[in-house]
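*Asks:* Pasting the sequence and the predicted coordinates here, then a few questions.
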Amino acid sequence: MNRHAIVSTRIGDLTLVASDNALAGVYFPHHWVKPTPETLGEQVEATDPLLSEAARQLDEYLTGERTSFDVPTVLRGDEFQRRVWSILEEIPYGATSSYGEIAERLGDRTLAQQVGKAVGQNPLSIVVPCHRVVGKNGALTGYAGGLKRKQFLLDLEEPVGVKAGRLF
């Protein structure tokens with residue numbers, strides 16, 4: 001059974017979607033690819049055990065207390081999307097990758113545009129870290145949650161040594 005709750009976070013409201021016993025979506029208010037009513041399911045209180053745990057982990061992440069998530073997840077997409085999302089899950093906290101680098105990992109650098117589309121359709125924003133994907137030469141590119149949120153997330157994850165180096 002699909003269900004969803006809207007939770008307030010330090011980066012704004014997020015819609016958390018559960019499918020049975022797994023988190024299936026984390027959506028921003030103006031998300032590019034909106035979930036269908038069937039995907040959302042009924043709206044429930046954020047006290048739902050799974051959604052409550054997901055909200056807690058997101059809060060810990062957004063306050064710098066957590067660097068990864070262990071809430072059960074399910075990703076639904078075509079084979080190419082799932083391959084791209086699997087690579088996103090491998091990008092370490094505090095690191096970034098480019099669309100071209102992901103395309104190379106898939107065996108064909110010319111797939112960069114398709115990679116970008118798949119990244120933009122990631123239903124588990126933040127949890128599957130699509131914010132860690134940047135453009136060529138580290139350029140900040142589109143993000144379903146907006147570039148300000150993407151910058152916030154990248155700054156949050158920036159390694160301490162890099163932050164300290166910018167202080168002087």
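*Replies:* In hand now; what should we look at?

*Asks:* Surely Val33 is in a strand?
*Replies:* No. Going by DSSP: H, G, I helix; E, B strand; the rest coil, the assignment for Val33 is coil, not a strand.

*Asks:* contacting residues around the closest residue to it other than its chain neighbours?
*Replies:* Excluding its sequence neighbours, the residue lying closest to Val33 (CB to CB, 6 or more residues apart in numbering) is Gln121, at 5.0 Å. In this view, the C-beta of every residue, glycine as well, is placed from N, C-alpha and C. Contacts of Gln121 were listed using CB atoms under 8 Å, 6 or more residues apart in numbering, and they are 32-33, 77, 81.

*Asks:* And for Cys130?
*Replies:* Going by CB under 8 Å, 6+ apart, Cys130 touches 88, 119-120, 122, 143-144.

*Asks:* closest to Glu65 among those residues?
*Replies:* Leu88 (21.9 Å; CB to CB).

*Asks:* Tyr61 contacts Phe69, correct?
*Replies:* Yes. At 7.0 Å, Tyr61 and Phe69 qualify as touching, with contact defined as CB atoms under 8 Å.

*Asks:* Having no further points to raise, I will conclude here.
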